[in-house]
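[1] predicted structure and sequence below. I'll ask about it afterward.
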Amino acid sequence: MNFVAIDFSLNSPGICIYNDETNKFHFISYIKEKNGTKKEQKLQEEIGMLDDVTLVKQPDFSVSKEYSSKELLKIRRYDIMSNQIISLILNECTDGSGFIIAFEGSSYGSKMGTNNLIDMAAAAAILKMKMLAILKPTDILTIAPTSIKKFAGKGNWNKRKVWDSFEQNMNNNESIETSDFFKFCKGLIEPESSKVPTPFDDLVDAFFLCDLIAKDYLETH
């Protein structure tokens, strides 16, 4: 079974895939061009070279002139994003086994604004619809952010504490210990820093979501 976890956003969707046959994780970042500081962009180049990371830059949607309507441009963007994300997942899942897919639920306490939240929900809905048609998953789940944080450690943790849980492998996941991405992250952030670089925060959230659904499924089947 392929367990696919998605921390969805418009600028840097983070995806983690776990295959219970190979017992390995793979990370996908589908990130907007020039997203993050220059230092973060350099780190993005470095992790993009790792064997268990696929980092792909999004097209420049802002220059598209295929449609004149702003709303149609948005829908076209969501359609292209969905097709490319599914293609990236299929490139890594070639064994013919099934899919269980999970999305991190929206954080309604965030400061992204109502319109941005609606846009993100619309884009995620299009992605889910296409996944149903193309990947034909056994299930598509939506897991609350607090549930993911509780699995990582505590439901009120910030991104830095979730990062520390990942870096120290507090859940004792033996499979992640062999991951090149995991090894790259060891000691990456200074102890006094509260900032987790982009897109590492998205990928770590996706990892915990992936580990959560995989363990839940494998314990009950």
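    Received the coordinates, thanks. Numbering: from 1, shown residues only.

[2] check which helices and strands the least confident helix or strand in the chain by mean pLDDT sits against.
    Taking mean pLDDT, DSSP states H and E as the measure, helix 114-134 is the helix or strand of the chain with the lowest mean score, a mean of 91. Here helix 114-134 touches helix 70-92, strand 99-104, strand 139-143, going by 3 or more C-beta pairs under 8 Å, 6 or more residues apart in numbering; DSSP states H and E. No exception for glycine: its C-beta is placed from N, CA and C like everyone else's.

[3] for residue 49, see how far away residue 42 is.
    Note on residue 42: its distance to residue 49, by C-beta to C-beta, to the nearest Å, is 12 Å.

[4] wait, residue 99
    27 Å.

[5] how about the strands in the protein?
    Taking DSSP state E as the test, the strands found in the chain are 2-7, 14-19, 24-31, 53-57, 99-104, 139-143.

[6] now, of the ones you listed, which is deepest in the fold?
    Comparing these by mean neighbour count (mean count of other C-beta atoms under 10 Å), strand 2-7 comes out on top with a mean of 27.

[7] so how far is it from its chain's centroid?
    7 Å (C-alpha atoms, centre = their mean, to the nearest Å).

[8] what is it packed up against?
    Contacts defined by 3+ C-beta pairs under 8 Å, 6+ apart place strand 2-7 against strand 14-19, strand 99-104, helix 200-220.

[9] partners of that strand in the sheet?
    strand 14-19 (antiparallel), strand 99-104 (parallel) (DSSP bridges).

[10] reformat the ones you listed as a markdown table; add distance to residue 165.
    Listed next are these as a markdown table, based on distance: least, C-beta to C-beta, whole Å:
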| stretch | distance to residue 165 |
| --- | --- |
| strand 14-19 | 15 |
| strand 99-104 | 16 |
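
[11] quick one: these as a markdown table, columns for distance to residue 216 and mean pLDDT too.
    What follows is the strands paired with strand 2-7, written out as a markdown table (distance: least, C-beta to C-beta, whole Å; pLDDT from 0 to 100):
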| stretch | distance to residue 216 | mean pLDDT |
| --- | --- | --- |
| strand 14-19 | 12 | 98 |
| strand 99-104 | 10 | 98 |
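
[12] residues contacting the least confident helix or strand of the chain, please?
    With contacts defined as C-beta atoms under 8 Å, 6 or more residues apart in numbering, helix 114-134 is touched by 6, 8-10, 74-75, 77-79, 81-83, 85-86, 90, 99, 101, 103, 106, 108, 110, 112, 137, 140.
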